[in-house]
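>>> Can you look at this prediction? I've put the sequence above it.
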Amino acid sequence: MTLSDIVKKLIIRNKERYLLFGISICFSVSMIGAYGALLFSETITGVLMTDGSTYIISTGMYGITIVGVLAFLFYANGIYLQSLRKETGIYMSLGLKPKVVAKMQNRQFDFCFLLGSLAGILLAIPISYMAWKLITVFFVYTAKVYTVGWKGLCIAFILAIFSWVLLRAKNYLDLSGMDVITVLKSDITGETVKGSSPVLGVIGLIAIPFGIIMFNITAVTDGLKRISTVFLGVSLAGIYLVAAQVTSVGRIVKRISHANYMKNLLFFNLVRQKGGQYTLALFVSSILIAITVFAICFNGSSFLESYYRVNEEPYDFAVLYQKDKKGFDEAQVKKTAENNGIRITDWHTLHLLLLGREYQYQDSDGNEWSSDFAISVSEFNKLSGENLTLPDNGYALFQDSEDAMFRTCSEEAGHFYNPVSKEEFFLHKEKLLTKEDVLNNSAQIDTLLILSDTTFERISETMDDAYKFEYFLFNGTGLDNSAAFQKELLDKIVKACNGKMVMNMDQISVKDKLENYREEILPYEDNKLEAARYWLLYPYAKHTQSGILMEYGAVYLLLIFFIALITFVSATMIIALKVAGTISQDIKNYRKAVNLGLKDKDLKHLVRRQMKLIFFFPAICGCTTAVIMINRFLSVSSIQHFYEVTIIAVILSIIVFIIQVLIFVSIQKRLVNSVMKKVAING
Amino acid sequence: MNKILDVLEVEKTYISKGNQYPVLKKISLSVQRGEFVAVMGPSGSGKTTLLNIISGFLSADSGSVRIGGVDILHADREKQAEIRSGVLGFVFQDFMLIDGLTVEENIMLPQIIIGKGENEIKNQTDSLMNFFGISEHARKYPDELSGGQKQRVAIARALSNQPMLVLADEPTGNLDSKSSKAVIDAFLMAKKKLNATILMVTHDAIAASFADKVIALSDGQIVRNLVREEEPREFMNRILEFLKEVEAGK
């Protein structure tokens, strides 16, 4: 028999030891691989558009998750290393050289890590496929062909190799420099408890909501915005303090009820003995659970908001008609509605001109040319019920919003461009107007440039049909046929456009002003979702709009769910590792307690209480923090339905808690039986 | 008899929060080949620290520890490992057997470490298992053994490389009286038949009463050297008397 044989034998014999570590590695690699395989899949990038903000957020969260997973792997490795300490100490006491010991232990590590990583990579594709099948339930416009984003698998592979090399080097240094005394004593001595203070725990409890509320206040107070993030730090420190001081819970109970403290003396003292051992596990898992709930609710809130917004729109339909597209006009729309059993009850036709406007910012370096739809003041008044009057050399800007910022109108004189006459002209800014429910702001147009009737007519005469539009806003009855009506309209519009969509139509009036202007034309057939989301001529129907949002949102939310799943499972695994570590550390104490007369029933109760503390502290702390964060964060955002999102956060927190209860129930029996068995063995 | 262990004026002070706590104050002692020496003393007297310094697990502030003429305190980590594998054998209170290896493999392990041949390892292991009456458990794993059996395996493992000196840290600390007796018998057999030299740190006056010599420590100093000239039972009475005196002196 050689040392190599011994290593092989130990790998086989200690497979349970490697199981949790191996699962941690497999989980980390598979999740990063599966998420990446989806994120970089051609179909997903088709939905999320690689330069879109949601794609950037998803990619950013992927990056943060990779860092989080790396931290989780470090934590799992720390627990794994702890399980090797006794063996390492024995080897060293028997005279095996530290470097040889480190090499031996690293061979076991290699086996476990590489096997876990391989399984992770292999599982990544089926996991991403299952996630894909789930998303496609929401797909109407997107192709349902599953494609693997190989870049994501490469990232998972690189993560596995990187963390393997890093942890291997760390373990080698740790093991070869390990102090034998510390190693041999590690499983028999508890940590000396120094400086535990219930007062700090109470301060932490106060700091969590205080920090979030102060963030909420300072984030909207001019002059204090810069320090608002400091208060997030205060909340974070609060969670840390609570996690660090949870071991001194007995001292608080002692002050409140001495009898209760005495009744649970053993429990409180076993907890107290752990000192700082709990801090990192409870802190990290609390943060991860808070991120889980927060990520889902925060990212889901914008879709919920959109859903509400669509339902509150004033018109059932909105159709934009470009006058150079022959064969499609107001009469066609009305006829199509009639064909589909929709009786029009309220109709508005807006005549619009697409003009170039220089968007002027407070910092003039950022000024840029873009387009606005212009309308005559009389038509606007008729639509909005306003009584606006404008001089011929003036203009007003309208936005269908309650809190429009108008950051692009800092100058008194508006600078405009007529793309047909190639003429630049200035109009005096008369008014910035905001009002809700004038237009459907989830449809193509939510901003209008208002001109006097004379000015509008004068400019209109100089422009050709490519820059002239009619915008039909109408309500109707028989809306169950909305989808069919919309489809028929769309077919007619696509036909009028010869099957081609100009995706940057909003730039056509300033093409002379843009250095790198290039007409972006896409065939409709291959780009149906992109058409539904971005094409100006796409007919809008309130009843189908939420479906389009869901299709887009489902992909984004699924990616966020993925992240949440990774953080939640990481938190649960950290908790499970800590529970297992704590219970095995206390075996000697349980044995002593049994020798002193502790009944089996009471021992089981004691073990369960310790487990409950570690299991439910992060769930309660993390979920409570997330709910307060969601409520406070959204109250300073543009989200108006933050009460509803808060309710969702509460429901989600309850689900997280129930999942924790189920996991607790499923493992507690096994763990308690294992403790009873170990305690019963005569030492 | 020749000198196996020579501890000379060893000092050790722990420093905590700026306060100094001297644990060993110029300790000197020696152990001859084939001797069975027990180190006793109340908690905090420094006996475990002394054992850890002799093992090279802990450094001393001053003094020297020579085992077979080699100064373990001033050797580097690699050299200390060599000394431990070839010259020392260890028996711990918690047995410190490797759970994933059988009884036989645990005893083989120190021999594998120093690179003995396969046959030599097999013969020596069989011989030790026979000697300590654990052959029938050869294929069992530590968690299938009683405490006394585990400690006998640990002693067999400690003796597997025929070390100059066996260091035992509270070897009966976790055992009932029957198992403790079996462990002490194992030490006595090893001393008698294998001429093993044993230095044992213990709280257990019964276990110490079987030693040839008891070195009594108190407050980091050797306060008495009790040499056994009588039967263990009478020697134990002398040890207990001494312990009472130490308690009274405190």
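Thanks, I have it. Numbers count the residues shown, from 1 in each chain, chains lettered A, B, ... in the order given.
>>> how about the strands of the chain, start to end?
Defaulting to chain A. Read by DSSP state E, chain A holds these strands, from start to end of the chain: A:317-322, A:343-359, A:368-376, A:394-399, A:413-418, A:423-434, A:447-451, A:468-477, A:500-502, A:521-523, A:540-541.
>>> My question was about chain B, not that one.
Counting by DSSP E, chain B has strands at residues B:3-16, B:19-32, B:36-40, B:62-67, B:70-71, B:88-91, B:165-169, B:198-201, B:213-218, B:221-227.
>>> Give the burial count for the residue in the stretch 1-150 of chain A that chain B sits nearest to, as a bare number.
For the stretch 1-150 of chain A, the residue positioned closest to chain B under CB to the nearest CB is A:Gly95, at a distance of 2.4 Å. Just so you know, the C-beta spots here come from the backbone N, C-alpha and C atoms, and that holds for glycine as well. When counting by other CB atoms under 10 Å in any protein chain shown, one arrives at 22 neighbours for A:Gly95.
>>> re the thing from before, and the strands of chain B as a markdown table, adding distance to A:Ala219, mean pLDDT and mean neighbour count?
As requested, those are exported to a markdown table (distance: least, CB to CB, whole Å; pLDDT from 0 to 100; neighbours: other CB atoms under 10 Å in any protein chain shown):
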| stretch | distance to A:Ala219 | mean pLDDT | mean neighbour count |
| --- | --- | --- | --- |
| strand B:3-16 | 47 | 89 | 16 |
| strand B:19-32 | 49 | 89 | 16 |
| strand B:36-40 | 67 | 92 | 25 |
| strand B:62-67 | 63 | 91 | 18 |
| strand B:70-71 | 67 | 88 | 16 |
| strand B:88-91 | 62 | 88 | 26 |
| strand B:165-169 | 61 | 90 | 24 |
| strand B:198-201 | 64 | 92 | 27 |
| strand B:213-218 | 66 | 90 | 23 |
| strand B:221-227 | 67 | 88 | 15 |
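>>> Would you reformat the ones you listed as a markdown table and include distance to A:Arg17?
Converted to a markdown table, the strands of chain B look like this (distance: least, CB to CB, whole Å):
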| stretch | distance to A:Arg17 |
| --- | --- |
| strand B:3-16 | 34 |
| strand B:19-32 | 36 |
| strand B:36-40 | 36 |
| strand B:62-67 | 35 |
| strand B:70-71 | 37 |
| strand B:88-91 | 24 |
| strand B:165-169 | 26 |
| strand B:198-201 | 31 |
| strand B:213-218 | 39 |
| strand B:221-227 | 44 |
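>>> mind listing the helices in chain B by residue range?
Listed from the start of the chain, chain B has helices (DSSP state H) covering B:47-55, B:77-86, B:103-113, B:118-131, B:147-159, B:177-194, B:205-208, B:232-249.
>>> Highest mean neighbour count across the strands of chain A, which stretch is it?
strand A:540-541 (a mean of 26; mean count of other CB atoms under 10 Å in any protein chain shown).
>>> So which bits of chain B are right by chain A?
B:52, B:55, B:57-58, B:77-78, B:81-86, B:88, B:90, B:92, B:94, B:96-101, B:105, B:108-110, B:112-114, B:118, B:121, B:141, B:143, B:146-147, B:157, B:174, B:176 (CB under 8 Å from any CB of the partner chain).
>>> Taking chain B, what residue is nearest to chain A?
Closest residue of chain B to chain A, CB to the nearest CB: B:Ser85 (2.4 Å).
>>> list the contacts for the closest residue to that residue other than its chain neighbours?
Sequence neighbours aside, A:Gly95 is the residue nearest to B:Ser85 in space, at 2.4 Å (criterion: CB to CB, 6 or more residues apart in numbering or on different chains). With contacts defined as CB atoms under 8 Å, 6 or more residues apart in numbering or on different chains, the neighbours of A:Gly95 are B:Ala81, B:Glu82, B:Ile83, B:Arg84, B:Ser85, B:Gly86, B:Leu88, B:Pro110, B:Ile113, B:Ile114.
>>> Quick check: ChimeraX command selecting the buried ones in the residues you listed.
Per 16 or more other CB atoms under 10 Å in any protein chain shown, the buried members of the contacts of A:Gly95 correspond to this ChimeraX selection:
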select /B:81,82,83,84,85,86,88,110,113
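>>> With mean pLDDT added, can I get the helices of chain B in a markdown table?
Written out in a markdown table, the entries for the helices of chain B read as follows (pLDDT from 0 to 100):
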| stretch | mean pLDDT |
| --- | --- |
| helix B:47-55 | 89 |
| helix B:77-86 | 83 |
| helix B:103-113 | 91 |
| helix B:118-131 | 90 |
| helix B:147-159 | 88 |
| helix B:177-194 | 84 |
| helix B:205-208 | 90 |
| helix B:232-249 | 83 |
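>>> Where does pLDDT dip in the stretch 201-350 of chain A?
Counting by pLDDT under 70, the stretch 201-350 of chain A shows low-confidence ranges at A:275-276.
>>> tell me the helices in it, going along the chain?
Here the stretch 201-350 of chain A has its helices, by DSSP state H, counting those that start in this stretch, at A:228-245, A:249-256, A:258-263, A:265-273, A:277-311, A:330-339.
>>> mind listing what A:Phe559 touches?
No Phe there; residue A:559 is Leu. With contact set as CB under 8 Å, 6+ apart, A:Leu559 has these partners: A:Tyr35, A:Leu38, A:Leu39, A:Ile44, A:Ser58, A:Met61.
>>> Tell me how far it lies from A:Glu42.
The span separating A:Leu559 from A:Glu42 equals 15 Å under the rule CB to CB, to the nearest Å.
>>> Flag every buried residue along stretch B:42-58.
Per 16+ other CB under 10 Å, stretch B:42-58 contains these buried residues: B:45-58.
>>> which one among these gets closest to A:Leu490?
When these are compared for distance to A:Leu490, the smallest value, 81.2 Å, is given by B:Phe57; criterion: CB to CB.
>>> Could you double-check that that closest one lies in contact with B:Thr48?
No: look at B:Phe57 against B:Thr48 with CB atoms under 8 Å: they stay out of range, at 10.2 Å.
>>> thinking again about what came up before, highest mean neighbour count out of the helices of the stretch 201-350 of chain A?
That would be helix A:277-311, which, of the helices of the stretch 201-350 of chain A, has the most neighbours on average (mean count of other CB under 10 Å), namely a mean of 22.
>>> between that helix and helix A:265-273, how big is the angle?
For helix A:277-311 against helix A:265-273, the angle between stretch directions is 90 degrees (axes from the mean of the first three to the mean of the last three CA atoms, to 10 degrees).
>>> Tell me which residues are up against stretch B:96-107.
So stretch B:96-107 is contacted by A:1, A:6, A:9-10, A:13-14, A:86-87, A:89-90, A:93, A:184, B:90, B:109, B:125, B:128-129, B:134, B:137-143, B:145, B:150, B:153-154, B:156-157, B:160 (CB under 8 Å, 6+ apart).
>>> Buried members of these into ChimeraX, please.
Here is the ChimeraX selection string for the buried members of the contacts of stretch B:96-107, based on 16+ other CB under 10 Å:
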select /A:1,6,9,10,14,86,87,89,90,93,184 /B:90,109,125,128,129,134,137,141,142,145,150,153,154,156,157,160
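>>> so where do the helices sit in the stretch 51-200 of chain A?
Listed in chain order, the helices found in the stretch 51-200 of chain A under DSSP H, counting those that start in this stretch are A:53-93, A:98-136, A:150-176, A:180-185, A:198-218.
>>> which stretch in those helices has the least confidence?
Looking over the helices of the stretch 51-200 of chain A, mean pLDDT reaches its minimum on helix A:180-185, with a mean of 68.
>>> Out of the helices of the stretch 201-350 of chain A, flag the one nearest B:Gln20.
Of all those, helix A:265-273 sits nearest to B:Gln20, with 27.1 Å by CB to CB.
>>> any low-confidence regions in the stretch 401-550 of chain A?
Low-confidence segments of the stretch 401-550 of chain A, defined by pLDDT under 70, are located at A:402-410.
>>> where along it do the helices fall?
Secondary structure of the stretch 401-550 of chain A (DSSP H, counting those that start in this stretch): helices located at A:453-462, A:482-496, A:528-534, A:542-585.
>>> Just say which of the ones you listed is most tucked in.
Most buried among those, counting by mean count of other CB under 10 Å: helix A:542-585, with a mean of 22.
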